[in-house]
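Q: coords below, sequence missing:
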């Protein structure tokens, strides 16, 4: 019994415990509503149809955005079916990854664990961030790759940061603003 208490205390003191709980909870929240609604929301009509064209090997993509975001949505459709779950799963995963990168950025900028945790909590449950991670749109991929680029830059991994910026730009051209 004493060993279990000691292990529990050690887990609670682990610097990534609360961010991990936050990521798991938000991912569970996304997955619990992933099929709601069972039809397109907002611009999903464009991106999901583009992704379907990729999976089927027919048609052309819209020229207003580079193809990486649609390719990610297509990967979800190919792996999990042409359902709202397939369309939106990678958005939820990228949304969770964005929370992790944001927490790591806060730590690199010298914020305390408490301040980093509070800021990350506010970001995770902020309305626009949460909604973008719940639907098959390009913004969550773009922002997560931007956050990855910032974190890599702060770690002085400049080449990898450049790769993340390029990937973000391949989702939406606004990714280039990361420079």
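A: Happy to help now that I have it. A quick note: this is a predicted structure, and the numbers were derived from the prediction, not measured.

Q: need the residues that contact stretch 51-67.
A: 46, 50, 70-71, 73-74, 76-78, 82, 87, 136, 138, 169-173 (CB atoms under 8 Å, 6 or more residues apart in numbering). C-beta coordinates here come from the backbone N, C-alpha and C atoms, glycine included.

Q: can you pull the pLDDT of residue 60?
A: Here the pLDDT value assigned to residue 60 is 69.

Q: for this protein, which helix is longest?
A: Looking across the chain with DSSP state H, the single longest helix is helix 84-108.

Q: re earlier: which among the contacts of stretch 51-67 end up buried?
A: Buried members of those, counted by 16 or more other CB atoms under 10 Å: 46, 50, 70-71, 73-74, 76-77, 87, 136, 138, 169-172.

Q: among those residues, which lie within helices?
A: Filtering the buried ones among the contacts of stretch 51-67 for helices - DSSP H - leaves 46, 50, 70-71, 73-74, 76-77, 87, 169-171.

Q: flag the shaky bits of the protein, pLDDT-wise.
A: Within the chain, the segments meeting pLDDT under 70 span 1, 59-60.

Q: go again using 50 as the cut-off
A: Nowhere does the chain drop to pLDDT under 50.

Q: which residues sit in contact with the residue minimising distance to the centre of the chain?
A: Central residue of the chain (CA atoms, centre = their mean): residue 94, 2.0 Å from the mean position. For residue 94, the contact set (CB under 8 Å, 6+ apart) comprises 72, 133, 140-141, 144.

Q: redo that, cut-off 10 Å
A: By CB atoms under 10 Å, 6 or more residues apart in numbering, the residues touching residue 94 are 69, 72, 132-133, 139-145, 147-148, 171.

Q: what sits up against the next helix or strand after the longest helix of the chain?
A: Using DSSP states H and E, the helix or strand that follows helix 84-108 in sequence is helix 113-124. Contact with helix 113-124 is made by 15-19, 21-23, 25-27, 29, 95-96, 98-112, 129-130, 133, 147, as judged by CB under 10 Å, 6+ apart.

Q: give me the distance between helix 113-124 and the centre of its chain.
A: Taking CA atoms, centre = their mean, to the nearest Å, one finds helix 113-124 lying 16 Å from the centre of the chain it belongs to.

Q: list the buried ones in it?
A: 116-117, 119-121, 123-124.

Q: format the residues you listed as CSV; extra columns: distance to residue 5.
A: Below are the buried residues of helix 113-124 laid out as CSV (distance: CB to CB, whole Å):
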residue, distance to residue 5
116, 27
117, 23
119, 31
120, 28
121, 27
123, 33
124, 29
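
Q: count the residues that sit near the closest residue to the residue nearest to the centre of the chain other than its chain neighbours.
A: Take residue 94 and drop its neighbours on the chain: the residue closest to it by CB to CB, 6 or more residues apart in numbering is residue 144, 4.5 Å away. Residues near residue 144, counting by other CB atoms under 10 Å, number 27.
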